[in-house]
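Visitor: what shape does this take:
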Amino acid sequence: MSTGNILQEELARIRHDILVMASRVEDDLGKAITALKKNDRDLAKEVKAGDAVVNALQLQIEDDAAILFATQHPVAGDLRELVTIFKITGNLERVGDYAVHLAKASRKLSKDPPFRSMEHIEKMAETGQEMLRASISAFLARDTGAARKAAAMDNIIDAEHKILTEETLKLMKKRPGFVKKAVRLLNTSGYLERLGDHITNICEGVIYMVDAKHEELND
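Guide: Predicted coordinates for the structure are as follows:
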């Protein structure tokens with residue numbers, strides 16, 4: 001088998017593994033959302049356990065990509081794809097970490113949700129889940145237009161984060177006893193806001209892979 005054929009077969013396998021990793025992260029994020037809505041501790045524990053699987057997949061994919069770098073001497077588009085693969089796995093791992101943060105927060109936030117704040121948290125998480133799915137689809141399809149559309153969803157997350165922050169700060173002034181819960185709420189919202197940023201990074205990677213240019217999305 002020629003070197004070119006080996007490289008393409010291995011890249012196809014790595015793409016499949018990225019899909020598996022992304023699907024696992026998306027599933028964990030969905031479980032964290034449900035845990036938040038239903039105060040489901042068992043589901044929250046599943047998310048934490050799932051993080052180890054995500055981390056293992058990251059190492060496996062990056063090891064395989066590194067071997068291709070060393071043995072197949074990729075150039076042009078193949079080289080950019082391998083660079084993008086490292087970017088995707090790193091950002092997927094961070095999204096998985098934020099899913100764990102949300103699952104941990106669900107135990108305390110869902111007991112006594114303050115006013116409409118949880119609606120904002122749920123909207124941010126659900127948008128992140130949709131955004132993640134769209135970004136990986138864009139990667140697999142090598143579709144820069146789809147990548148830009150996926151990244152644009154981060155505006156929804158940012159808007160919800162802004163509204164929640166403003167509402168929470170106002171509530172803190174009226175209810176001093178609410179401060180501890182408010183800090184936890186703001187931290188959780190901050191994690192989800194950064195989750196959107198990491199998925200935007202994946203979308204930027206797709207554009208680099210396809211068009212060989214660095215483009216800032218949602219700057």
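
Visitor: which strands or helices does the longest helix along the chain pack on?
Guide: Using DSSP state H, we find that the single longest helix of the chain is helix 3-38. When contacts are defined as 3 or more Cβ pairs under 8 Å, 6 or more residues apart in numbering; DSSP states H and E, helix 3-38 sits against helix 41-72, helix 76-109, helix 117-141. C-beta here means a position set from N, CA and C on the backbone, and glycine is covered the same way.

Visitor: who wins for proximity to residue 30 among the ones you listed?
Guide: Closest of these to residue 30 is helix 117-141, at 5.9 Å (criterion: Cβ to Cβ).

Visitor: now the angle from that closest one to helix 76-109?
Guide: Taking axes from the mean of the first three to the mean of the last three Cα atoms, to 10 degrees, one finds helix 117-141 and helix 76-109 inclined to each other by 160 degrees.

Visitor: chain center to helix 117-141, what's the gap?
Guide: Distance, stretch centre to chain centre, for helix 117-141: 8 Å (Cα atoms, centre = their mean, to the nearest Å).

Visitor: list the contacts of the residue lying closest to residue 179 once chain neighbours are set aside.
Guide: Distances taken as Cβ to Cβ, 6 or more residues apart in numbering put residue 172 closest to residue 179, at 5.6 Å, once the chain neighbours are dropped. By Cβ atoms under 8 Å, 6 or more residues apart in numbering, the contact set of residue 172 is 178-179, 182.

Visitor: would you list these in JSON lines and tack on pLDDT, neighbour count and distance to residue 67?
Guide: Shown next, in JSON lines, are the contacts of residue 172 (pLDDT from 0 to 100; neighbours: other Cβ atoms under 10 Å; distance: Cβ to Cβ, whole Å):
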{"residue": "178", "pLDDT": "77", "neighbour count": "17", "distance to residue 67": "53"}
{"residue": "179", "pLDDT": "81", "neighbour count": "13", "distance to residue 67": "51"}
{"residue": "182", "pLDDT": "83", "neighbour count": "20", "distance to residue 67": "48"}
